[in-house]
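Participant: just need the structure, nothing else, for what follows:
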Amino acid sequence: MTVSQVCMFLCLLAAASAENILYPSIGGSETLTCACPDHQCQRVFWYRFLQKDETLQFLLECNTVDKVNYGNNIDTQRFKASSNGGSGKFTLRITSLQQNDTGLYSCLLHSQNPKQGLESLTSPGYYIKPGEHRPTSPPPTVKPKVKNPPPCKPNIQPVKGCKPLVLWSCVGVLLVLAVLMISILTYFSRLPKKCRHQFAKKVQLN
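Facilitator: Residues are numbered from 1 along each chain as shown. Modelled structure (predicted):
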């Protein structure tokens, strides 16, 4: 398997797990790091997957003594690699970033330790988006407080001077008096004239 084929496979792996998204300005610069887990890495391969035409591009190879081998058509002034052999950290400095540099950047480490797995020798990757703005999170939505409607007041207006209980008591008394008057009038209207005349005389004598 060639380095190009390995980089293609790792590019797809890194694209699925890219953790760092960078938003440099046009003409700006970025510094990418690639750390060796066991400090026994002798060299690093840097590559990128360009978004504009979806092509994989090998950038360069750098060893622990900072010897760099560049890929085809790579601007050696814009891409600078270095290493810190003691810490096992490799860096890639990219300057004068343009919009056509948008894509995924990652690395592949070469270790002398045969126990190192492929996952530990790859970087999660950096997704560089020159000229784009970092998305802002929308403001939290505040739900309006729902006010409970006031309880409806009964539409009963008491008569002035009497409360409802007193009013009903007065009405009851008036009804009783009315019934008594009707009963008395009905009684007298049914008496014979003679009896009514005698009753009137007794009233006059008294």
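
Participant: drop to CA atoms for contacts and neighbour counts, all remaining ones
Facilitator: Will do.

Participant: which segments of the chain make up each domain?
Facilitator: Per automatic domain parsing, the domain ranges recorded for the chain read 3-128, 164-205.

Participant: where among these is average confidence lowest?
Facilitator: Per-stretch mean pLDDT for the domains of the chain is lowest at domain 164-205 (a mean of 59).

Participant: which parts of this protein are strands?
Facilitator: Along the chain, the stretches classed as strands by DSSP state E are 20-22, 30-35, 41-50, 55-63, 68-70, 79-84, 89-94, 103-111, 126-128.

Participant: adding mean neighbour count and distance to Lys145, write those out as TSV.
Facilitator: Below are those laid out as TSV (neighbours: other Cα atoms under 10 Å; distance: least, Cα to Cα, whole Å):
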stretch	mean neighbour count	distance to Lys145
strand 20-22	14	39
strand 30-35	18	48
strand 41-50	22	50
strand 55-63	20	54
strand 68-70	17	64
strand 79-84	20	57
strand 89-94	19	52
strand 103-111	24	46
strand 126-128	22	43
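
Participant: Lys143 is nearest to which of these?
Facilitator: strand 20-22 (32.8 Å; Cα to Cα).

Participant: which strands and helices sit next to that closest one?
Facilitator: In terms of contacts (3 or more Cα pairs under 8 Å, 6 or more residues apart in numbering; DSSP states H and E), strand 20-22 is packed against strand 126-128.

Participant: got the contact list for the spatially closest residue to Gln99 that is not a sequence neighbour?
Facilitator: Excluding the flanking residues, the one nearest Gln99 by Cα to Cα, 6 or more residues apart in numbering is Pro130, at 5.3 Å. Contacts here follow Cα atoms under 8 Å, 6 or more residues apart in numbering; on that basis Pro130 touches 22-26, 28, 97-99, 101-102.
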